[in-house]
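*Asks:* Dropping the sequence and predicted coords here.
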Amino acid sequence: MCQKFRLFSLPKVALKQVFEMMNPVDLVELSFCSKSTKLEIRSATIRMDMLTMSSRSFEMEFKKTNQLVDWNFGKCIGLLEDHRKIGDARFICWSKQNYEIDEKSISTISCIASNFHSAILTIFKYLDSLFIISSYSYTTYGYKNTFFDDFLEFLPKKCANFELKDESTTSEDVYKVLDHFNILGKLEAYVGGAQLFLHEKMSSVEELVLNGVDQSFLFGSIDPIKLTIGANILSDENLNRLCKNWVYGEKRKRENMKILKIKRNDSMSGSIELVLRGLPSRKDSGNFYDIQRICDGRLASVGFTDSDFLMIVY
């Protein structure tokens with residue numbers, strides 16, 4: 001006869017190890033059993049490395065156990081399980097699956113809620129209370145207005161990455177995100193037809209991927225590690241001024257930048273000789289030349305590829 005095993009009678013250290021080795025989906029569902037069960041899991045301080053919030057899903061990453069969870073709110077896959085109620089959110093369909101890809105364990109929760117947007121925010125708050133979340137990432141694609149109207153004020157302000165990729169994204173949307181969030185990693189924004197200007201909080205972002213930018217991005221004080229500029233109206237003269245500012249400018253204005261990539265347009269000739277006119281340079285390889293910064297002697301390789309102008313700082 002099987003004997004009952006009292007899980008919660010284990011010492012705290014052993015219980016934490018059990019929780020860490022469990023499938024995260026099973027751990028979340030175990031927390032639904034009772035308030036005391038949720039409290040035990042919460043007190044074990046299980047770390048989630050990244051929680052990514054998008055229009056219809058969450059992605060949860062646990063590096064220690066090499067596990068990934070995809071929580072989808074728009075569909076049900078597999079066998080239909082019993083309904084769920086979490087806080088004020090009611091789920092009329094709930095199913096889960098587990099599989100492996102390249103030795104990474106991947107789990108999915110697929111569900112449909114009676115109140116879609118309310119359910120997303122409810123689950124976000126639930127996960128935030130259950131785990132110790134190291135980093136957050138957000139994307140507004142497909143639900144920009146809902147994000148700004150319903151979610152913005154409830155989300156943690158410090159985040160690793162933020163994406164604004166809706167076709168209707170405006171400069172004001174980007175500035176609203178920068179005013180509200182402290183983005184430490186990557187900001188990606190596609191602004192159709194508008195001209196983005198410098199914002200003081202852009203200086204704390206490590207990587208910027210932008211289009212529709214003003215020339216101030218090249219000649220202002222912004223200094224990300226990597227800057228990628230998509231659609232633009234920059235010319236050879238603008239690029240020449242950029243290179244001159246880098247060679248003769250002060251170190252503090254371009255101390256961090258390692259990679260600059262600017263999409264080619266019809267205003268660019270593709271001639272690196274024109275871009276480097278009036279500057280000392282040395283041919284590197286192919287269509288690239290080395291230039292040297294006066295203030296500290298650092299080198300940068302500049303040139304054109306088929307699609308971009310590139311500056312790579314050594």
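*Replies:* On my side now, so go ahead.

*Asks:* Which residue ranges of this structure form helices?
*Replies:* Secondary structure of the chain (DSSP state H): helices at 12-21, 24-31, 35-43, 116-130, 144-146, 171-180, 216-219, 236-248, 272-275.

*Asks:* Would you mark the buried spots in the fourth one?
*Replies:* Yep, that's helix 116-130 we're talking about. By neighbour count, and taking 16 or more other CB atoms under 10 Å as the criterion, the buried residues in helix 116-130 are 117, 119-124, 126-128, 130. Backbone N, C-alpha and C define where each C-beta goes, glycine included.

*Asks:* Between all of those, which two are separated the most?
*Replies:* Distance extremes for the buried residues of helix 116-130: the farthest pair is 117 and 130 at 20.8 Å, using CB to CB.

*Asks:* Which of the helices of the chain has the highest mean neighbour count?
*Replies:* For these, average neighbour numbers computed from mean count of other CB atoms under 10 Å are highest in helix 24-31, which has a mean of 19.

*Asks:* average pLDDT across that helix?
*Replies:* Averaging the model's pLDDT scores along helix 24-31 yields 93.

*Asks:* Just want the angle from that helix to helix 35-43.
*Replies:* For the pair helix 24-31 and helix 35-43, the angle between their directions (axes from the mean of the first three to the mean of the last three CA atoms, to 10 degrees) equals 140 degrees.

*Asks:* for the helices of the chain, which one sits closest to residue 75?
*Replies:* With respect to residue 75, and counting by CB to CB, the nearest of the helices of the chain is helix 116-130 at 11.8 Å.

*Asks:* C-alpha coordinates for that closest one, PDB please?
*Replies:* Below are the C-alpha coordinates for helix 116-130, written out as PDB (Å, rounded to 0.1, in the frame of the first residue of the first chain):
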ATOM      1  CA  PHE A 116      -9.300  38.800 -22.200                       C
ATOM      2  CA  HIS A 117      -7.500  42.000 -21.200                       C
ATOM      3  CA  SER A 118      -8.400  41.700 -17.500                       C
ATOM      4  CA  ALA A 119      -7.100  38.200 -17.400                       C
ATOM      5  CA  ILE A 120      -3.700  39.200 -18.800                       C
ATOM      6  CA  LEU A 121      -3.200  41.800 -16.100                       C
ATOM      7  CA  THR A 122      -4.500  39.400 -13.400                       C
ATOM      8  CA  ILE A 123      -2.000  36.600 -14.500                       C
ATOM      9  CA  PHE A 124       0.800  39.100 -14.700                       C
ATOM     10  CA  LYS A 125       0.200  40.300 -11.100                       C
ATOM     11  CA  TYR A 126      -0.100  36.700 -10.000                       C
ATOM     12  CA  LEU A 127       3.200  35.600 -11.500                       C
ATOM     13  CA  ASP A 128       4.800  38.800 -10.100                       C
ATOM     14  CA  SER A 129       3.700  37.800  -6.600                       C
ATOM     15  CA  LEU A 130       4.700  34.100  -6.900                       C
END
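
*Asks:* Can you list the helices and strands that it packs against?
*Replies:* Counting by 3 or more CB pairs under 8 Å, 6 or more residues apart in numbering; DSSP states H and E, the packing neighbours recorded for helix 116-130 are helix 24-31, helix 35-43, strand 47-53, strand 57-62, strand 84-86, strand 89-101, strand 104-113.

*Asks:* what's the closest of those to residue 244?
*Replies:* Once CB to CB is applied to these, the stretch that comes out nearest is strand 47-53, at 40.2 Å.

*Asks:* for that closest one, the distance to its chain's centre please.
*Replies:* Its chain's average C-alpha position is 11 Å from that of strand 47-53, according to CA atoms, centre = their mean, to the nearest Å.

*Asks:* and if you look at stretch 38-47?
*Replies:* Distance, stretch centre to chain centre, for stretch 38-47: 26 Å (CA atoms, centre = their mean).

*Asks:* how long is that stretch end to end?
*Replies:* 15 Å (CA to CA, to the nearest Å).

*Asks:* who touches that stretch?
*Replies:* Judged by CB atoms under 8 Å, 6 or more residues apart in numbering, the contacts made with stretch 38-47 from elsewhere in the structure are 8, 12, 15-16, 19-20, 27, 30-32, 62, 64, 129-134.

*Asks:* Surely residue 224 is in contact with residue 202?
*Replies:* Yes. Residue 224 sits in contact with residue 202 when judged by CB atoms under 8 Å, with a separation of 7.4 Å.

*Asks:* joint contacts of the two?
*Replies:* With the criterion set as CB under 8 Å, 6+ apart, the overlap between the contacts of residue 224 and residue 202 is residue 208.
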